[in-house]
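Visitor: Predicted coordinates and the sequence they were generated for:
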Amino acid sequence: MTSNTRSRSGTAPPSVRARPSRTPPPPPAAPESALAPAATWRADGAAGLVVFLVALPLCLGISLASGAPLLSGVVTGVVGGVLVSRLSGSQLMVSGPAAGLTAIVLAAIAELGSFSAFLVAVVIAGLLQLGLGLLRAGIIGSFFPSSVIRGMLAGIGLILVIKQLPYALGLPGGSWTPEPGLGGAGGPLAEIGSRFSAIAPSAALIALASLAILFGWERWMPRRARRVVPAPLAVVVLGALAAWGAGAADPAWALPREALVSLPVPSSLGELGAYFIFPDWSALANPDVYRVAATIALVASLESLLSLEATDRMDPLKRTSSPHRELLAQGAGNVVAGLAGGLPMTGVIVRSAANVDAGARTWRSALIHGVLLAVAVVAAPALLNTIPLAALAAVLIHTGVKLASPRLFAYAAGRGPRYAIPFAATVLTILATDLLVGITVGLALGVFFLLRDSARNAYSFERRESADHHAVRLSLAEEVTFLNKAKIAAALEGLAPGTVVTIDASRTRHLDEDVVELLHDFHEAGPTRGVEVRLAGVPAGRASPAH
């Protein structure tokens, strides 16, 4: 981005024009290729460490919310950091498991019957994204109204909050499964009601304290301290200490083993491989796999493209990234993640914002964060297994509340029916059915309002009254389609005898053939109505066969 310095009159003062400046202007921001690796490794290394500290609890928490093995979220984080960071054109966006896909994953695993069958859908979703990238379909996000996209995120946020409540109360491993109605949210609520007496007080207290920390972190902690210790890291560390302290003080307050993170603790790297889950290719015969894959590909692509746009805006060097290349990178990442037993991935704005805020300069920060995730799982699984699931649930509830912020609903209501109705319909349909149906309903309503506005804006009307006749000029809009035909016909039918009407299409770029036919029909029939019709800029046409 460049800018020109000018005086208020638009030209440089004479004194400046008389002699050249001794100080040359600063060079424009250098592209990534011009940045020396030595100059960026320190910044990228520090940023990569911060993103790792943010990503680790999120990877575990999103796996928990998805009903998937906890290791699967870390696998996706590693693939997103190590592979996608290099394939992507974005220098600062971080990819990994996304909270926005938890509702899809949870329902899909239950529907397909196993996680290994679900992995087949992840691989197919990646192949679909590769196809979209090759077709240069990176502009797909532009075809979805912002009301529908924000409604989708709000619906996901509400489901995320409700589905984490059992874990926040120490009720993991319940028997509930996602079912139609409230997007599967009735399951967690029913689980709480049926097992109310089994709530672990220590888990509930850890969740409440964690939420207080998460919502107050930005107000309580200075900016520099927040960069060193992200809120999710503080929550999981303090939660682990609180769980240990409660159990040491009184065994009755100790959390049960199933209320803690449970990652495999292999004795060797060779044994670690036995804990990975791989796709069950027999699921290719199940038609539901392809529907799930299409849903993942669509939602993951939308979320990645939105995150890409937001990350480019935050880039201090003002670099821009190709959305088509991003679809290719995300597609490759999902193929590899599915093959390796990981969750589907997207570009994620929370980790990307942390990356920018920590001072990252190139893709190396995301790479470093992926390497650190792999090291943590291999070197310290026993330490990670001391984290209470209630703390991870609090992190996800905090994310869900941010996605479904009350201010978002107030903003939608303030924009009027054209915005609020598709927004509300998307949210309610997602809660009542599923994500894809909700997006479809919201998009259909958005198209309805678009067509309604197009039909209304067919022409402008100018009327001049005089003693002997009425002069009317009907100026057509720039785009006139068959949707405008009824409105134009009604205007012409309403002209009184003795009117001289000029139908001006000189500024119209597209005039539908149906409308051309209508105008020529009226031009021929005008004298029998006592109306003189003049056509200006209307292309030659033929009257309808009935004439």
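Guide: Great, that's in hand. Numbering: from 1, shown residues only.

Visitor: now residue 231, nearest residue through space, not along the chain?
Guide: residue 217 (3.9 Å; C-beta to C-beta, 6 or more residues apart in numbering). (Glycine included, C-beta is placed from N, CA and C.)

Visitor: Next up, the contacts around the one you found.
Guide: Taking C-beta atoms under 8 Å, 6 or more residues apart in numbering, we find residue 217 in contact with 226, 231, 234.

Visitor: avg pLDDT for stretch 391-399?
Guide: When pLDDT is averaged over stretch 391-399, the result is 88.

Visitor: okay, that stretch in CSV with CA atoms only?
Guide: The C-alpha coordinates for stretch 391-399 follow below in CSV (Å, rounded to 0.1, in the frame of the first residue of the first chain):
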residue,chain,number,x,y,z
ALA,A,391,-10.7,-26.2,32.2
LEU,A,392,-10.8,-27.1,28.5
ALA,A,393,-14.6,-26.8,28.5
ALA,A,394,-14.2,-23.3,30.0
VAL,A,395,-11.9,-22.4,27.1
LEU,A,396,-14.5,-23.6,24.6
ILE,A,397,-17.4,-22.0,26.4
HIS,A,398,-15.5,-18.7,26.3
THR,A,399,-14.9,-19.2,22.6
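
Visitor: Show the model's pLDDT score for the residue nearest to residue 231.
Guide: 89.

Visitor: same thing with the one 4 residues further on?
Guide: At residue 221, the model reports a pLDDT of 86.

Visitor: Can you pull the phi and psi angles for it?
Guide: phi -100, psi 140 (degrees, to the nearest 10).

Visitor: Once you drop chain neighbours, what's closest to it?
Guide: residue 229 is the one closest to residue 221 (C-beta to C-beta, 6+ apart), at 7.6 Å.

Visitor: sorry, back to before: can you say which helix or strand has the residue nearest to residue 231 in it?
Guide: Assigned by DSSP states H and E, residue 217 belongs to helix 201-220.

Visitor: And residue 319, by the same measure?
Guide: Secondary structure from DSSP H and E places residue 319 outside every helix and strand.

Visitor: give me the number of residues near it?
Guide: Using other C-beta atoms under 10 Å, residue 319 has 18 other residues around it.

Visitor: Next one, pLDDT for it please.
Guide: 90.

Visitor: Show me what counts as buried in the helix holding residue 217.
Guide: Using 16 or more other C-beta atoms under 10 Å as the test for burial, helix 201-220 gives 202, 203, 206, 207, 209, 210, 211, 213, 214, 217.

Visitor: With distance to residue 476 added, can I get those residues in TSV?
Guide: Shown next, in TSV, are those (distance: C-beta to C-beta, whole Å):
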residue	distance to residue 476
202	71
203	67
206	66
207	62
209	65
210	61
211	58
213	61
214	56
217	57
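
Visitor: quick one: the spatially closest residue to residue 290 that is not a sequence neighbour from residue 425, how far?
Guide: Excluding its sequence neighbours, the residue lying closest to residue 290 (C-beta to C-beta, 6+ apart) is residue 124, at 6.6 Å. Distance from residue 124 to residue 425, counting by C-beta to C-beta, to the nearest Å: 29 Å.

Visitor: Neighbour count for the two, which is higher?
Guide: Per other C-beta under 10 Å, whichever of residue 124 and residue 425 has more neighbours is residue 124, with 23 against 20.

Visitor: quick one on the thing from earlier: please tell me I have it right and the residue nearest to residue 290 contacts residue 291.
Guide: No - contact criterion C-beta atoms under 8 Å: residue 124 and residue 291 do not qualify, at 10.3 Å.

Visitor: can you give me the helices for the stretch 401-547 of the chain?
Guide: 406-414, 417-432, 435-456, 485-493, 513-529 (DSSP state H, counting those that start in this stretch).

Visitor: can I get those helices in a markdown table with mean pLDDT and distance to residue 166?
Guide: Formatted as a markdown table, the helices of the stretch 401-547 of the chain follow (pLDDT from 0 to 100; distance: least, C-beta to C-beta, whole Å):
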| stretch | mean pLDDT | distance to residue 166 |
| --- | --- | --- |
| helix 406-414 | 93 | 24 |
| helix 417-432 | 91 | 18 |
| helix 435-456 | 81 | 21 |
| helix 485-493 | 84 | 54 |
| helix 513-529 | 87 | 58 |
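
Visitor: who wins for proximity to residue 101 among those helices?
Guide: Ranking those by their distance to residue 101 (criterion: C-beta to C-beta) puts helix 435-456 first, at 8.8 Å.

Visitor: Tell me the one among the contacts of residue 217 nearest to residue 306.
Guide: Looking across the contacts of residue 217 and measuring by C-beta to C-beta, the closest to residue 306 is residue 231, at 22.8 Å.

Visitor: count of neighbours near residue 250?
Guide: Count around residue 250 with other C-beta under 10 Å applied: 10.

Visitor: can you list contacts of stretch 151-158?
Guide: 99-100, 102-103, 183, 185, 299, 302, 399-405, 408-409, 412, 422-427, 429-431, 435, 438-439, 442.

Visitor: What subset of the residues you listed is buried?
Guide: Buried, going by 16+ other C-beta under 10 Å: 99-100, 102-103, 183, 185, 299, 302, 399-404, 408-409, 412, 422-427, 429-431, 435, 438-439, 442, out of the contacts of stretch 151-158.

Visitor: what about the residue nearest the centre of the chain, which SS state?
Guide: Nearest residue to the geometric centre of the chain (C-alpha atoms, centre = their mean): residue 303, 2.8 Å. What DSSP: H, G, I helix; E, B strand; the rest coil gives for residue 303 is helix.

Visitor: you'd agree it is up against residue 99?
Guide: No - if you go by C-beta under 8 Å, residue 303 and residue 99 don't touch, sitting 9.5 Å apart.

Visitor: Once you drop chain neighbours, what's closest to residue 409?
Guide: residue 154 (7.2 Å).

Visitor: Between the two ends of stretch 471-481, how far is it?
Guide: 26 Å (C-alpha to C-alpha, to the nearest Å).

Visitor: Any buried residues in it, and which?
Guide: 472, 473, 474, 475, 476, 477, 480, 481.

Visitor: how close does the fifth one get to residue 508?
Guide: It stands for residue 476. For residue 476, the distance to residue 508 - C-beta to C-beta - is 5 Å.

Visitor: Equivalent analysis for the second one, please.
Guide: Here the criterion is C-beta to C-beta. By it, residue 473 lies 14 Å from residue 508.

Visitor: what does the first one give?
Guide: Remark: distance between residue 472 and residue 508 (C-beta to C-beta) = 17 Å.

Visitor: immediately after the helix or strand hosting residue 245, which helix or strand?
Guide: Using DSSP H and E, residue 245 falls within helix 231-249. Once helix 231-249 ends, the next helix or strand along the chain (criterion: DSSP H and E) is helix 269-272.

Visitor: How about residues contacting that next one?
Guide: Here helix 269-272 has contacts from 264, 266, 378, using C-beta under 8 Å, 6+ apart.

Visitor: Relative to residue 65, which of these is nearest.
Guide: Nearest member of the contacts of helix 269-272 to residue 65, counting by C-beta to C-beta, is residue 264, at 19.9 Å.

Visitor: picking that back up, could you report the neighbour count for the residue nearest to residue 221?
Guide: Residue 229: 14 neighbours (other C-beta under 10 Å).

Visitor: The one 4 residues further on too?
Guide: Residue 233 sits with 18 neighbouring residues when counted by other C-beta under 10 Å.

Visitor: how's the protein carved up into domains?
Guide: 37-407, 457-536 (automatic domain parsing).

Visitor: Of those domains, which stretch is the most buried?
Guide: Of all these, domain 37-407 has the most neighbours on average by mean count of other C-beta atoms under 10 Å, namely a mean of 21.

Visitor: Just list whatever residues bridge to the spatially closest residue to residue 535 that is not a sequence neighbour.
Guide: In space, and not counting its chain neighbours, residue 535 is closest to residue 503: 5.4 Å by C-beta to C-beta, 6+ apart. Note on residue 503: beta-bridge partners by DSSP bridges are residue 474, residue 535.
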